[in-house]
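Enquirer: What shape does this take:
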Amino acid sequence: MVLYPSMVTPQSIKNEIAAQATLKQISYAEKIYQQMHKGQLGTLKQLYDANLFGLTFENEKIEIKDGYKFELKIINDGFVVNATPAKYGTTGRVSYFMNVQGIIHAGSHEGKEASETDAICLPNGALLSLGLDSK
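Expert: Have a look, this model is predicted:
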């Protein structure tokens, strides 16, 4: 997908930066939750109930913050988190995926979820392409 300059707004850029920071906060909260609960992983609501993370819930699994929807999925002994723009093109353009190791992947999917095949988002905000096709 081609991103047109009219789609890039200061607010969407701010939301994208905030989404990356929120993913890092979720990763950190999960580590603390695991220490407090004998290795058990927590849902977003459980992280909130343990006062590890501030949330505004749409439901038990999805949280909306800074123009992004966050969904945490517990899979076996790990987790993944997807962050997608609440309103693609207005609140953000980039979708994010984070695995249990805290590695963030990013891609523009018109509001659909990113995956582990998308470029890795480096700490400085640059993207490192994996050379994989996510389709």
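Enquirer: which regions of this protein sit below the pLDDT cut-off?
Expert: Within the chain, the stretches with pLDDT under 70 are 1-7, 55-62, 125, 130-135.
Enquirer: which helices and strands sit right next to the longest helix along it?
Expert: Taking DSSP state H as the criterion, the chain has its longest helix at helix 10-36. Counting contacts by 3 or more C-beta pairs under 8 Å, 6 or more residues apart in numbering; DSSP states H and E, helix 10-36 is packed against helix 44-49, strand 62-65, strand 68-75, strand 78-85, strand 95-99, strand 104-107. Any C-beta I mention is one placed from the backbone N, CA and C, and that applies to glycine too.
Enquirer: Can you mark which positions in that helix are buried?
Expert: Across helix 10-36, burial judged by 16 or more other C-beta atoms under 10 Å covers 12, 15-16, 18-20, 22-23, 26-27, 29-30, 33.
Enquirer: State the distance from the residue nearest the centre of the chain to residue 37.
Expert: Taking C-alpha atoms, centre = their mean, the centroid of the chain lies closest to residue 83, which sits 3.4 Å from it. Per C-beta to C-beta, to the nearest Å, residue 83 is found 24 Å from residue 37.
Enquirer: same thing with residue 85?
Expert: With distances taken as C-beta to C-beta, residue 85 is found 32 Å from residue 37.
Enquirer: Quick check on those two: which one has the bigger neighbour count.
Expert: Taking other C-beta atoms under 10 Å, residue 85 and residue 37 do not tie; residue 85 has more neighbours (25 against 12).
Enquirer: Chain neighbours aside, what residue packs nearest to that one?
Expert: Closest residue in space to residue 85, ignoring its immediate chain neighbours: residue 92 at 3.5 Å, by C-beta to C-beta, 6 or more residues apart in numbering.
Enquirer: pretty sure the one you found is touching residue 12, no?
Expert: Yes: with contact defined as C-beta atoms under 8 Å, residue 92 reaches residue 12; the gap is 5.1 Å.
Enquirer: picking that back up, and the longest helix of the chain with strand 68-75, angle?
Expert: Following axes from the mean of the first three to the mean of the last three C-alpha atoms, to 10 degrees, one obtains 30 degrees for the angle between helix 10-36 and strand 68-75.
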